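>>> Take this sequence and fold it.
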Amino acid sequence: MEASVDTVDGISVVRLEGELDGNTAPAAQARIVPLIQPGCKIVLDMAQVSYMSSAGLRVMLLVFRQVKARGGEIALSGLSEEVRDTMSLTGFLDFFSTYDTVEAATAEVRG
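Numbers count the residues shown, from 1 in each chain. You can find the predicted model right below:
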């Protein structure tokens, strides 16, 4: 799992690559959680995430809850069909706004 962070107009864009599973979820969490500040705006670019396990889902839920608790905004972009299906079957898509592109997601969280 690789995670890189860019800032675009005050929005943290986190690009995740690889599998988000029990082995890699802690590293992804460690990369994302420090970005969660009051009023933060975060886009998770998931276009290169090929697989997400229950450990990955737990990280996503933790991030979502912390962002919302701090009055922030979060959106996902580029979900593969497999990851989208996993998130849909578990009800996680109900929490997140999802977009096909990073540009559409950043426009949404910009408000």
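>>> what's near enough to touch Arg15?
2-6, 45, 47-48 (C-beta atoms under 8 Å, 6 or more residues apart in numbering). Where C-beta positions appear, they are placed from N, C-alpha and C, glycine not excepted.
>>> what about the helix or strand it falls within, average pLDDT?
Assigned by DSSP states H and E, Arg15 belongs to strand 11-20. The average pLDDT for strand 11-20 rounds to 97.
>>> got a winner among the contacts of Arg15 for most neighbours?
Asp45 (24 neighbours; other C-beta atoms under 10 Å).
>>> Doesn't that residue lie inside a strand?
Yes: counting by DSSP: H, G, I helix; E, B strand; the rest coil, Asp45 is part of a strand.
>>> Could you list everything the closest residue to it other than its chain neighbours pairs with in the sheet?
Spatial nearest neighbour of Asp45, chain neighbours left out: Arg15 (4.4 Å); criterion: C-beta to C-beta, 6 or more residues apart in numbering. For Arg15, the beta-bridge partners under DSSP bridges are Ser4, Asp45.
>>> start the count at 401, not 1, going forward
Will do, 401 is the new start, and the previous item becomes Arg415.
>>> May I ask which two of the contacts of Arg415 are separated the most?
Largest separation among the contacts of Arg415 by C-beta to C-beta: Val405 and Ala447, giving 15.2 Å.
>>> ok, then the element right after the strand holding Arg415?
Scanning forward in sequence from strand 411-420 by DSSP H and E, the next helix or strand is helix 425-432.
>>> Need the CA coordinates for the longest helix along the chain. CSV is fine.
Longest helix in the chain, counting residues (DSSP state H): helix 454-469. Extracted C-alpha coordinates of helix 454-469, given in CSV (Å, rounded to 0.1, in the frame of the first residue of the first chain):
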residue,chain,number,x,y,z
SER,A,454,-12.8,-5.7,6.6
ALA,A,455,-9.7,-4.1,8.0
GLY,A,456,-9.8,-1.5,5.2
LEU,A,457,-13.4,-0.9,5.9
ARG,A,458,-12.7,-0.3,9.6
VAL,A,459,-10.1,2.3,8.6
MET,A,460,-12.6,4.0,6.3
LEU,A,461,-15.2,4.1,9.1
LEU,A,462,-12.8,5.5,11.6
VAL,A,463,-11.7,8.2,9.2
PHE,A,464,-15.3,9.1,8.3
ARG,A,465,-16.3,9.4,11.9
GLN,A,466,-13.3,11.5,12.9
VAL,A,467,-13.7,13.8,10.0
LYS,A,468,-17.4,14.3,10.7
ALA,A,469,-16.8,14.8,14.4
